[in-house]
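[1] Just to be clear, the model below is a prediction. Sequence and coordinates:
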Amino acid sequence: MAIRFAVDHGLPSNDYWADFTALWQNSADRSPFKSPSILKYFAETTNGHLVAFRFFKDDNLHGAILLKEQGGVFTFLSDMKTDVNFIVLHNQCAPEDERLFFEFFFSTIKAQKWSVVLNNQPSWAHYMPAFEKAGRSSGLFWLNLSYSVCPIAEAVTADALFERINSSRELRYRVNKLKKQEHAEFEVLTDGTDLDQWVEEFCQAHILRWADTPTPSAFRDPARRAFVLGCLRAWNADGILIRFAVKVGARRVGFVVGLLEANSLVHHSTTFHPDYWKFSPGKALIHFMAQWMKARNMNVLDFGDGNEPYKYEVANEEHILNRIFLSRKSNVRFILKTRFIEAVRENPVIFQMYQNKIKPLYRNLKLRVSALFFTTLCLNCLECFFFNE
């Protein structure tokens, strides 16, 4: 069988997206964060330089990695909005094929003297042992850090998952309280119905929810609202967007953006109107989502990146997300930065100070300064310099 590799620079062509769509539809993971329409939207939106790695077997695309470069560092294009960054591989890709593709990927990075940060790497991915082995033997500087978690609610069957979630008195109480006291209804939308208005209500609720807190909503910026609308349109185009809401009268007061992934539902984004905080509409929606999943024989509710307490009302597992740093071994500046990150992550006191003090301060500053001033400031700020977030 003929095997070949390619590296392409710049905005991918229509032929690229046709090949990629076929690959994603037959991929081992079929992650919503790598769906064709969302990556095409990111590619057309980013200002970063794009690089596409491709692996062909008998002229059929069997593997793809799409990176963007900004500030001298390459990251996944999907970092623009993601919970997890799977590498897209065909479900018929043999272990030897994967090994060759990974070796090509790392040898290109080494030859080009690139610095690369691979965020939100799923430690549970079937290919990860081979990927790590290829990286460690590549001659590059390699650092793999445990960086975050994905809480998961999983059961053997969809019925078993619902029974376990339904056994939560807290969740049932929240549902009943909304129905009895507010005559609330639960809404699920699986197509483009009322999408623009739904997103506007979501963003406005998010703004109100986080007003007067250390972390005000990024949706105060019209550009961020336009971006998230574009994301939801893209996911809807690929048929993987599911929107859940709590409605009181004609008003939506609780929201969840859900994404389909095989037998899983990804609980990607959520918010609620602060007028209804005492009703905990987000918790009520978890119960409603479990009912919806039961009817569709889905047995995994994936809460995505982050360890927010509400997720552990039902989560019974945690998946570890890693961050991988790659560069030539002579890139002392990059290596020192990564070692600084490693030291911060391993020191709970310093990391909590970063999470609770420095990060909120940076985000507030970013929202308040002008776009031109922030472009200059960002190159030197602590967050970008050390954390690349």
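    Received it, and whenever you're ready, just let me know what you need.
[2] burial of A22, as a residue count?
    Using other CB atoms under 10 Å, A22 has 14 other residues around it. Backbone N, C-alpha and C define where each C-beta goes, glycine included.
[3] so which helix or strand takes in it?
    helix 14-25 (DSSP states H and E).
[4] angle of the helix or strand following that helix against helix 14-25?
    Later in the chain than helix 14-25, the nearest helix or strand by DSSP H and E is helix 36-45. Interaxial angle, helix 36-45 versus helix 14-25 (axes from the mean of the first three to the mean of the last three CA atoms, to 10 degrees): 140 degrees.
[5] if we look at helix 36-45, which residues are touching it?
    11-12, 17, 20-21, 24, 32, 50, 66, 68, 77-78, 80-81, 227, 230-231, 233-235, 237-238 (CB atoms under 8 Å, 6 or more residues apart in numbering).
[6] Just the buried subset of those, please.
    For the contacts of helix 36-45, a burial check counting by 16 or more other CB atoms under 10 Å picks out 12, 17, 20-21, 24, 32, 50, 66, 68, 77-78, 80-81, 227, 230-231, 233-235, 237-238.
[7] Looking at these, which are in strands?
    Members of the buried ones among the contacts of helix 36-45 lying in strands (criterion: DSSP state E): L50, L66, K68.
[8] Next one: T213 from I207, what distance?
    Going from T213 to I207 by CB to CB, to the nearest Å gives 11 Å.
[9] Can you pick out the residue with more neighbours from those two?
    I207 (17 against 10).
[10] quick revisit: out of the ones in strands among the buried ones among the contacts of helix 36-45, which is nearest to D191?
    L66 (27.3 Å; CB to CB).
[11] Would you agree that closest one is in contact with T75?
    No. Taking CB atoms under 8 Å as the contact criterion, L66 and T75 are not neighbours in contact, 10.5 Å apart.
[12] Show the subsequent helix or strand relative to the helix or strand in which M289 is found.
    In this assignment (DSSP H and E), M289 forms part of helix 281-295. Next helix or strand after helix 281-295 toward the C-terminus (DSSP H and E): strand 300-302.
[13] residues making contact with that following strand?
    83, 150, 152-154, 161, 165, 261, 263-267, 286, 289-290, 293, 314.
[14] Can you flag which of those residues belong to helices?
    Using DSSP state H, L161, I165, I286, M289, A290, M293 are the members of the contacts of strand 300-302 that sit in helices.
[15] correct me, but the fourth one touches V256?
    Yes. Using CB under 8 Å, M289 is in contact with V256, at 6.7 Å.
[16] so what sits against both of these two?
    F244, H267.
[17] residues contacting E342?
    Shown in contact with E342 (CB under 8 Å, 6+ apart): L143, L145.
[18] May I have the predicted confidence score for it?
    Looking at E342, its pLDDT is 90.
[19] Could you confirm it falls within a strand?
    No. Counting by DSSP: H, G, I helix; E, B strand; the rest coil, E342 falls outside a strand, being helix.
[20] any idea how far it lies from F106?
    Going from E342 to F106 by CB to CB gives 21 Å.
[21] swap in Q121?
    Applying CB to CB to Q121 and F106 gives a distance of 14 Å.
[22] for this protein, longest helix please?
    Criterion DSSP H: the longest helix present in the chain is helix 95-112.
[23] The contacts of strand 300-302, buried ones only, as a PyMOL selection?
    With 16+ other CB under 10 Å as the criterion, this PyMOL line picks the buried residues out of the contacts of strand 300-302:
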select buried, resi 83+150+152+153+154+161+165+261+264+265+266+267+286+289+290+293+314
